[in-house]
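**Q** Build me a model from this:
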Amino acid sequence: MEITKNQKNGVFTVCYGNNHDHARYSAGASSKVDGGEIPLKFTISSSEGYSELKIPLSSDDHIMGLGGKALPVEKKRTQSAFWNTDVYGYRNGSDPLYLSIPFFYIVNRNWSTGIFVDYPGMIKMDFGVEKYDYINIRVNSGDFYMYVIPGNSPGDILRKYLDLTGHPSGIPAWMFRHQICRYSYSPQESAMNVLRKYIEVFGKDSVGAIYLDIDYMDGYRNFTVSRENFPDMKGFITDCHEMGVKVIPLVNPGIKIDQNDEIFLDGLGSYAETGNGEIYIGHSHAGASAFPDFLSENGKEFWHRQVKKFLEYGFDGIWLDMSEPTVKNSKGTFDHDVMHRVKGEKIRHEKIHNLFALEQAEITKAAVGNDRIVLARSGYPGIQKYAAMWTGDGEAGYENMALQIPLITSMSITGMPFVGCDLGGFLGKTEPDLLLKYYLMALFFPIYRNHKEKHESDSEPYTFPEPYVDRFRKIIKLRNAIIPHLLWKAACSVENLDAFLRPVSFNYPGSDGYFSIDDEYMVGEEILVAPMLSKDLWERNIILPEGRWYCLEDGNIYGGESLIRYSGEMPIFLREGAVFLTEGKILFFGRFSGKVFIREKWVDVEYDGESVNEGLGNMKGITVIDVEKEKPKLQFLTG
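**A** Here you go, the predicted model:
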């Protein structure tokens with residue numbers, strides 16, 4: 001075991017074992033240090049190909065992070081496995097899920113530390129379950145890295161983690177608009193009719209993008225279009241673009257095995273293999289399929305070539321699905337002894353399983369470029385460089401809706417700022433009250449997409465009774481109005497490496513009780529959202545942190561460090577000393593001085609309680625509002 005320290009940022013690297021073919025990351029220029037210098041007590045032992053890492057866990061410690069887990073914000077007293085898995089209809093406690101991010105925070109009143117265990121095969125973590133006062137981490141290998149990341153705050157740790165694993169890529173402004181999807185909108189005329197209906201009912205700016213699931217394909221074959229279902233795909237895309245709507249198709253990793261198929265033949269020499277050098281065959285939607293080896297140069301070149309060619313239709317990005325990788329067999333994925341080629345050497349799939357989706361996203365992003373997007377559900381640390389994320393195929397229900405808050409905020413504080421969920425839930429019937437509360441809960445989620453399974457009820461908002469339709473109309477209009485604020489937070493995430501969405505405890509780690517808050521979230525440091533999450537109920541208790549908070553729904557000011565009983569639809573609070581951006585407006589609550597991203601540039605903004613500085617004052621078409629004086633409410637913001 002060797003321990004090194006980066007003298008610039010203080011990140012420690014613990015190198016255990018000798019074979020690190022999977023390694024992608026480096027803490028930078030580091031020097032060897034004695035084990036006593038590292039600010040973490042731990043022991044590592046190995047036997048029969050496994051390693052066991054033990055870290056003391058005190059009663060004052062809190063655990064946050066771990067990416068996309070169907071668990072509370074507080075991960076203490078939980079167990080998790082890290083093995084990308086397709087879970088159809090996940091619910092609270094389902095584990096593992098699609099995404100493996102073995103990075104977590106240990107936080108208490110006196111110190112904070114981040115831990116990233118870098119091994120892309122199976123890892124299991126136990127946070128004080130089997131042994132109350134220990135974290136136990138089991139790595140299915142004798143070779144791995146552990147990065148210990150000290151910091152003054154969770155935000156400081158996150159920035160160092162992103163320096164290590166890669167800075168997030170930005171997404172275009174249209175990605176923040178309301179988006180629609182179904183498994184599947186097909187055939188072509190039906191898809192266009194759905195889009196026209198949205199625009200007829202909710203207005204021309206009500207849809208930013210439409211996603212096409214696998215029924216657009218010819219026999220579910222990747223990089224093909226069904227002439228029967230979509231006889232004029234280029235014309236369809238042109239019509240969508242004229243309506244201001246982007247088009248993104250789904251792509252799976254499996255390539256249909258067909259000796260007469262040009263795409264399959266083009267990939268020969270690039271597919272994952274069995275131990276005896278034959279093409280590995282698994283079943284996907286298309287039937288017997290081969291799978292590109294995204295870790296090999298041939299596999300990367302084949303995939304890049306096919307994506308580039310497919311984009312000639314005019315698509316605006318690629319939606320990656322089934323990339324865990326998912327195979328229709330008893331394991332649900334590749335056999336352990338499937339072989340990949342890494343730097344010319346063969347390596348078993350079980351050792352790099354979680355890298356498969358990351359490598360696919362990397363080469364897909366290289367093919368689509370910066371003007372188009374990649375949306376994914378599977379990955380490993382570093383996925384933030386290549387893709388926006390969604391949380392996969394959850395059940396339609398109030399419990400699963402509430403689960404999205406700790407799930408998505410935990411993804412955000414582990415490096416993935418551009419995240420979202422299926423509005424309404426993917427599986428099961430979505431009733432109007434549930435869909436309405438989904439739309440309200442997710443109002444500030446970066447990805448705002450309605451998506452539904454083909455065998456389930458319609459969940460387009462226009463299919464419900466008119467009183468609901470009118471409420472959806474107002475919500476979609478409000479979503480468009482707050483996009484300037486979302487763009488500011490996006491710039492903070494990309495340029496300053498700030499977390500976009502956060503659990504309350506991330507901003508207030510010194511308050512022990514806040515780690516148990518799973519039904520509220522924060523947007524940056526300034527906005528607190530406390531959604532209504534229960535069936536047919538429009539009141540709830542809300543915990544407000546220290547300071548004063550202006551409620552954008554009822555126009556009242558509430559004191560902090562308090563528990564309030566609130567009745568309403570959209571409890572959204574602005575912290576004193578902060579600003580809130582909407583289309584054509586900037587709202588101040590108290591004095592403010594800082595940089596704000598407005599109209600694609602950073603602006604120095606100052607407000608002394610009476611007037612703004614010259615730089616902001618000279619920007620045309622922006623109304624300055626003092627919320628304490630003018631008491632604006634949400635419906636005012638869309639006017």
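
**Q** Strands of the stretch 151-300 of the chain, start to end?
**A** 179-182, 209-212, 246-251, 255-256, 282-284, 287-290 (DSSP state E, counting those that start in this stretch).

**Q** Please save the CA atoms from the last one in CSV.
**A** Taking only C-alpha atoms (Å, rounded to 0.1, in the frame of the first residue of the first chain), the coordinates of strand 287-290 have been written out as CSV:
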residue,chain,number,x,y,z
GLY,A,287,-32.9,-10.4,-30.5
ALA,A,288,-29.5,-12.0,-30.6
SER,A,289,-27.0,-9.2,-30.4
ALA,A,290,-23.3,-8.3,-30.2
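
**Q** on contacts alone, who are the packing partners of it?
**A** strand 255-256, strand 282-284 (3 or more CB pairs under 8 Å, 6 or more residues apart in numbering; DSSP states H and E). For glycine as for every other residue, the C-beta is placed from the backbone atoms N, C-alpha and C.

**Q** buried residues in that strand?
**A** Neighbour counts over strand 287-290 (16 or more other CB atoms under 10 Å) mark Ser289, Ala290 as buried.

**Q** and that strand, how far from the chain's centre?
**A** Taking CA atoms, centre = their mean, to the nearest Å, one finds strand 287-290 lying 29 Å from the centre of the chain it belongs to.

**Q** Can you give the strand pairings for it, parallel or anti for each?
**A** Next to strand 287-290 in the sheet, as set by DSSP bridges, lie strand 255-256 (antiparallel), strand 282-284 (antiparallel).

**Q** Would you mind finding the most buried of the ones you listed?
**A** strand 255-256 (a mean of 24; mean count of other CB atoms under 10 Å).

**Q** show me what contacts Ala357?
**A** Contacts for Ala357 (CB atoms under 8 Å, 6 or more residues apart in numbering) come out as Asn84, Leu320, Ser323, Glu324, Pro325, Ala376, Ser378, Gly379, Tyr380, Ile383.

**Q** contacting residues around Tyr132?
**A** Leu57.

**Q** Quick one: neighbours of Pro632, just the number.
**A** Using other CB atoms under 10 Å, Pro632 is surrounded by 20 other residues.

**Q** that older thread, so which of the contacts of Ala357 is the most crowded?
**A** Neighbour-wise, those (other CB under 10 Å) top out at Gly379, 33 neighbours.

**Q** Is that residue in contact with Ala388, as I believe?
**A** No: contact between Gly379 and Ala388 fails when scored by CB atoms under 8 Å: they sit 10.8 Å apart.

**Q** related to what we said a few turns ago, adding distance to Ala27 as columns, could you present the helices and strands packed on strand 287-290 in TSV?
**A** Below are the helices and strands packed on strand 287-290 laid out as TSV (distance: least, CB to CB, whole Å):
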stretch	distance to Ala27
strand 255-256	37
strand 282-284	37
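
**Q** CSV please, covering those strands and showing distance to Glu610 and mean pLDDT.
**A** Shown next, in CSV, are the helices and strands packed on strand 287-290 (distance: least, CB to CB, whole Å; pLDDT from 0 to 100):
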stretch, distance to Glu610, mean pLDDT
strand 255-256, 65, 98
strand 282-284, 64, 96
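
**Q** Number of residues surrounding Gly128?
**A** 20.

**Q** Next, the contact list for it, please.
**A** Leu57, Lys76, Arg77, Tyr134, Ile135.

**Q** three-state assignment of the closest residue to Leu295 other than its chain neighbours?
**A** Among residues not flanking Leu295 along the chain, His340 sits closest, at 4.5 Å (CB to CB, 6 or more residues apart in numbering). Following DSSP: H, G, I helix; E, B strand; the rest coil, we place His340 in the strand state.

**Q** give me the number of residues near His340?
**A** 25.

**Q** what about it, distance to His353?
**A** If you measure His340 against His353 using CB to CB, to the nearest Å, the figure is 10 Å.

**Q** what sits against the closest residue to Ile542 other than its chain neighbours?
**A** Closest residue to Ile542 apart from its sequence neighbours, by CB to CB, 6+ apart: Ala530 at 4.4 Å. Applying CB under 8 Å, 6+ apart to Ala530 gives the contacts Asp519, Glu520, Arg540, Ile542, Tyr566, Pro571, Ile572, Phe573.

**Q** unless I'm mixing things up, the fifth one is touching Glu539, no?
**A** Yes: taking CB under 8 Å as the contact criterion, Tyr566 and Glu539 are neighbours in contact, 6.3 Å apart.

**Q** okay, those two: which has more neighbours?
**A** Using other CB under 10 Å as the criterion, Tyr566 and Glu539 rank with Tyr566 on top: 19 against 12.

**Q** element containing that one?
**A** Secondary structure from DSSP states H and E places Tyr566 in strand 562-567.

**Q** Can you list the strands that that strand pairs with?
**A** strand 539-544 (antiparallel).

**Q** Minimum distance to Met146: which of the strands paired with strand 287-290 has it?
**A** strand 282-284 (32.7 Å; CB to CB).

**Q** From the rest of the structure, what touches the closest one?
**A** 220, 252-254, 256, 288-289, 291, 322, 325-329, 334.

**Q** Return the member of these nearest to Thr274.
**A** Phe334 (10.2 Å).

**Q** And the pLDDT at that closest one?
**A** Per-residue pLDDT puts Phe334 at 97.

**Q** Then the one 5 residues further on?
**A** Per-residue confidence (pLDDT) for Met339: 97.

**Q** Wait, it touches Glu273, no?
**A** Yes: the pair Met339 / Glu273 is scored as a contact, 5.0 Å apart, by CB under 8 Å.

**Q** Can you work out which residues contact both of the two?
**A** Tyr280.

**Q** what pairs with the residue lying closest to Val612 once chain neighbours are set aside across the strands?
**A** In space, and not counting its chain neighbours, Val612 is closest to Val624: 5.5 Å by CB to CB, 6+ apart. Beta-bridge partners for Val624, by DSSP bridges, are Ile586.

**Q** What about Val624, how many residues nearby?
**A** 17.

**Q** Over to the one 3 residues further on?
**A** Look at Val627: counted by other CB under 10 Å, it has 21 neighbours.

**Q** quick one, what contacts it?
**A** Contacts for Val627 (CB under 8 Å, 6+ apart) come out as Tyr550, Leu552, Leu574, Leu587, Phe588, Phe589.

**Q** Restricted to strands, list these.
**A** Tyr550, Leu574, Leu587, Phe588, Phe589 (DSSP state E).

**Q** which one of those residues is nearest Tyr161?
**A** Leu574 (28.7 Å).

**Q** Count residues in the vicinity of the closest one, would you?
**A** 23.
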